[in-house]
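Undergrad: I'd like to go over a predicted model; first the sequence, then the structure.
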Amino acid sequence: MHELQVNVSKQTAKRKEIPYGLYDFGKLRAKNCVYVDKTRFIELLENESSDNHFLIRPRKFGKTLFLSVLEHYYDIRFKDKFQELFGDLYIGQNPTENANRYFVMRFNFSGIDTDDVESFKSSFTTAVKGSIVKFLRAHESIIEDINAQKKELNQINDVRGYIEFALDIIDSFGKKAYVIVDEYDHFANDIIAKGTVMSKVQFEKSVWANSITKDFYETLKIGAENVIDKIFITGITPIMLDDITSSFNIADNFSLETRYNEILGLTRDEVEWVMEQIQLDKSLISIDLEKMYDGYLFNRKAKNKLFNSTMIMNYFKGLQDSGKDFEDFVDENLKTDYGRLENLFNKHKNKQKIRQLIENNSINGVVTKKFPMKFIHEDKNFDSLLFYMGLVTIDNSDPTRFALKVPNISVKTMFWEYIEQMLTQEIEGLSLENDMYLDVIRNLAYDNEYKSFFEYFSKNVVSYLSNRDLQNTVEKDMKFLLLPMFINSNYYFTYSEIENSSGYSDVYLQRNHLHPDAISEWVFELKYVKQSEASEQKIIDAKKNEAITQLRSYKSSNMFKNRTDVRYLAVVFVGKTDYFVEEVF
């Protein structure tokens, strides 16, 4: 594999534009937008022994743009623009023999109606026909009498017939087809996200034996015997892989291969190069880019961790448009996408998994290459689903265990917003509307006044716990209730069990870039004494002394040593009404 050579020292004469939301490679190049060269992977894919390829990546990772690159590279209609499009890129200087030799057909299965089985069949059929119509229009300068071809197409009413019609046209030119399938699993994820018993039945009838989906992939497989030369399929999850195998078992899945770790997303060097190309004023950057957007790995042996390209481009665009006033460092579009998993999160075992992940920053996990829908709730498959969705990534910090962790603060923020919703649903009467507690958090940040915060927390959060809840409450439960309060306040970045040279602190509140004048950062060590032990002062004192000892150890650690802007609080909750707070100096 060829290593990408990124020049980070020479600034361009003309500033490149940020292509946020632009996925058409031709338009991107015409508009002088920055493009991180991933074309070396075209050569790598061609050198594979197979011609049919499958790749999964999280949302907003650049899949659709990469498919557009493939389309512009392979489609015969762009032959005269090859130098314009690719001349300064790796593949332009190292073209393969297949450049611009195919008729490219693209299918996109986002937006399919999944209300019921019949609606799905109709919508899926319409989508396939629409893709063939787009294919005809795109190649109307090559295909003669396109209006007659459209009329003939309108006489067909099934998926298999639409594809065979297009392949016959391609074959009449003595050419081969390159087929691209985008969002192959979008409708399946929609069905699963409903979280109902009917969704399983609907999935079976839509995807399994004798389904219209099977017809689609069987037709591609048959076409690959003569007219179709190459196929590239991409999506978010492997949820359909097992179910379409019987009709389409000819694609190699490269999603977890080390050599394709960097095919999408951006390395740190590539991010630096982007900043140079768009001539970004780095003095505007007030966050740690790596902590906020980096961290993705798709193989534990891979060399470089990756930034989500949409997340980082959204941030850069915000800085250029609004300067230091830009506040939306978590892309709202991603929140919407991940919200589709809410029904899966609401399963009891899955809730426990999410809680463990948030509390400990990682979980022991397994990533499987494929799994059928009927086993989606098995532990290893739920772990895998979180991984493919981009909510967790591979933690390679410990070579002795395979673990998964939240990749960055942006994703962690999304998790905590879900946790906040979960708590308000589970604890009757509890409300975590941020306007109710914003004042006490502001007092904490700007006045170092912590007593009002814990008074508010005790009266308005802990007091809503039921007696049944209290029977099993431990320190981690207090932390789990406390942390969501800080998520939407924007005063602090919140860390749980953050590692330092002396151990793991319960809560670390790091100053948010939106509030650089906040006086202090905070470390809390939390303890809990059950109501049945509330009269035992020696138990309370022992818990308090334990917290104080731990805080003194953290204070002398490499992470906090000589920090004069960090304050330390030992907090002991007793039952549902009492608490003790002591600052450690």
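TA: Yep, it's here.
Undergrad: need the contact list for N360.
TA: The contact partners of N360, taken as C-beta atoms under 8 Å, 6 or more residues apart in numbering, are 496-497. Bear in mind the C-beta positions are built from the backbone N, C-alpha and C, glycine included.
Undergrad: mind listing the helices for the stretch 101-250 of the chain?
TA: Taking DSSP state H, counting those that start in this stretch as the test, the helices found in the stretch 101-250 of the chain are 117-138, 146-153, 159-172, 186-193, 197-207, 212-223, 241-244.
Undergrad: which parts of stretch 262-280 count as buried, going by neighbours?
TA: Buried residues in stretch 262-280, defined by neighbour count with 16 or more other C-beta atoms under 10 Å: 262-267, 270-271, 273-278, 280.
Undergrad: one step back: mind checking the helices of the stretch 101-250 of the chain for the one nearest to G87?
TA: Go through the helices of the stretch 101-250 of the chain one by one with C-beta to C-beta and the one that ends up closest to G87 is helix 117-138, at 22.6 Å.
Undergrad: is the residue positioned nearest the centre of the chain in a helix, a strand, or coil?
TA: Among the residues of the chain, the one closest to the centroid is G390, at 3.2 Å (C-alpha atoms, centre = their mean). Put simply, G390 is coil when judged by DSSP: H, G, I helix; E, B strand; the rest coil.
Undergrad: repeat for I42
TA: helix.
Undergrad: I'd like the helices of the stretch 101-250 of the chain as CSV, with mean pLDDT and mean neighbour count appended.
TA: Below are those laid out as CSV (pLDDT from 0 to 100; neighbours: other C-beta atoms under 10 Å):
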stretch, mean pLDDT, mean neighbour count
helix 117-138, 94, 17
helix 146-153, 92, 13
helix 159-172, 96, 19
helix 186-193, 76, 22
helix 197-207, 67, 17
helix 212-223, 92, 21
helix 241-244, 72, 22
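Undergrad: dump the ones you listed to TSV, plus distance to Q320.
TA: Converted to TSV, the helices of the stretch 101-250 of the chain look like this (distance: least, C-beta to C-beta, whole Å):
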stretch	distance to Q320
helix 117-138	33
helix 146-153	42
helix 159-172	42
helix 186-193	31
helix 197-207	42
helix 212-223	42
helix 241-244	40
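Undergrad: for the ones you listed, which one sits closest to Y492?
TA: For those, distance to Y492 was read as C-beta to C-beta. The smallest value, 31.8 Å, belongs to helix 186-193.
Undergrad: other SSEs contacting the closest one?
TA: Judged by 3 or more C-beta pairs under 8 Å, 6 or more residues apart in numbering; DSSP states H and E, the packing partners of helix 186-193 are helix 197-207, helix 342-345.
Undergrad: can you rerun that using 6 Å?
TA: Here helix 186-193 touches helix 197-207, going by 3 or more C-beta pairs under 6 Å, 6 or more residues apart in numbering; DSSP states H and E.
Undergrad: can you give me the strands in the stretch 301-450 of the chain?
TA: In chain order, the stretch 301-450 of the chain shows strands spanning 362-364, 393-395, 403-405, with DSSP state E, counting those that start in this stretch as the criterion.
Undergrad: buried ones in the first one?
TA: Judged by neighbour count (16+ other C-beta under 10 Å), strand 362-364 contains these buried residues: 362-363.
Undergrad: what do you get for the last one?
TA: By 16+ other C-beta under 10 Å, the buried positions in strand 403-405 come out as 403-405.
Undergrad: tell me which residues form a beta bridge with the closest residue to S362 other than its chain neighbours?
TA: Setting aside the residues directly before and after it, S362 is nearest to K405 in space (C-beta to C-beta, 6 or more residues apart in numbering), at 4.0 Å. In this structure, K405 bridges to S362, T393 when assessed by DSSP bridges.
Undergrad: wait, isn't K405 in contact with I394?
TA: No. With contact defined as C-beta atoms under 6 Å, K405 does not count as touching I394 (8.0 Å).
Undergrad: now, the buried residues of stretch 262-280 that are in helices?
TA: With helices identified by DSSP state H, the entries of the buried residues of stretch 262-280 that belong to them are 270-271, 273-277.
Undergrad: need these in a markdown table with pLDDT and distance to F560, can you?
TA: Formatted as a markdown table, these follow (pLDDT from 0 to 100; distance: C-beta to C-beta, whole Å):
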| residue | pLDDT | distance to F560 |
| --- | --- | --- |
| E270 | 97 | 33 |
| V271 | 97 | 29 |
| W273 | 97 | 35 |
| V274 | 97 | 34 |
| M275 | 96 | 31 |
| E276 | 96 | 35 |
| Q277 | 96 | 38 |
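Undergrad: of those, closest to I142?
TA: Using C-beta to C-beta, Q277 is the member of these that lies nearest I142, at 35.0 Å.
Undergrad: show me where pLDDT drops low in the stretch 401-550 of the chain?
TA: Applying pLDDT under 70 to the predicted model, the residue ranges of the stretch 401-550 of the chain that meet it are 424, 429, 432-435, 467-473, 488, 500-502.
Undergrad: number of nearby residues for K31?
TA: Applying other C-beta atoms under 10 Å, we find 12 residues neighbouring K31.
Undergrad: for E521, give its distance to D281.
TA: If you measure E521 against D281 using C-beta to C-beta, to the nearest Å, the figure is 27 Å.
Undergrad: for F232, same thing?
TA: 38 Å.
Undergrad: with adjacent residues omitted, what lies nearest to F486?
TA: By the measure of C-beta to C-beta, 6+ apart, the closest residue to F486 outside its immediate chain neighbours is T494, 4.7 Å from it.
Undergrad: doesn't K121 make contact with S206?
TA: No. Assessed by C-beta under 6 Å, S206 is found out of contact with K121, at 7.7 Å.
Undergrad: do a quick rundown of the helices in the stretch 251-400 of the chain.
TA: Secondary structure of the stretch 251-400 of the chain (DSSP H, counting those that start in this stretch): helices located at 268-277, 289-293, 309-322, 332-338, 342-345, 348-360, 379-388.
Undergrad: convert the C-alpha atoms of the second one to PDB, please.
TA: In PDB, the C-alpha atoms belonging to helix 289-293 read as follows (Å, rounded to 0.1, in the frame of the first residue of the first chain):
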ATOM      1  CA  LEU A 289      -9.400  18.600  18.200                       C
ATOM      2  CA  GLU A 290      -8.200  15.100  19.000                       C
ATOM      3  CA  LYS A 291     -10.300  14.800  22.100                       C
ATOM      4  CA  MET A 292     -13.300  16.300  20.400                       C
ATOM      5  CA  TYR A 293     -13.400  14.500  17.000                       C
END
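Undergrad: buried residues, that helix. List them.
TA: Within helix 289-293, judged by 16+ other C-beta under 10 Å, the buried ones are 289, 292-293.
Undergrad: give me the contacts around that helix.
TA: Residues external to helix 289-293 that are found in contact with it (C-beta atoms under 6 Å, 6 or more residues apart in numbering): 307-308, 311-312, 408-410.
Undergrad: which one of those residues is nearest K63?
TA: Using C-beta to C-beta as the measure, the one of the contacts of helix 289-293 that approaches K63 most closely is N308, at 11.8 Å.
Undergrad: quick one: residues contacting the closest one.
TA: Shown here is N308, whose contacts under the criterion C-beta under 6 Å, 6+ apart are Y293.
Undergrad: try I170
TA: I170 sits next to 103, 177, 227 when contact means C-beta under 6 Å, 6+ apart.
Undergrad: apart from its neighbours in sequence, what residue is nearest N108?
TA: Take N108 and drop its neighbours on the chain: the residue closest to it by C-beta to C-beta, 6+ apart is D182, 4.5 Å away.
Undergrad: do I have it right that that neighbour meets S68?
TA: No. Proximity of D182 to S68 does not meet the contact threshold set by C-beta under 6 Å, at 9.5 Å.
Undergrad: look at F486 and say how many residues are nearby.
TA: By the measure other C-beta under 10 Å, the count of residues near F486 is 23.
Undergrad: next, give phi and psi for it.
TA: Note on F486: its backbone torsions stand at phi -90, psi -10 [degrees, to the nearest 10].
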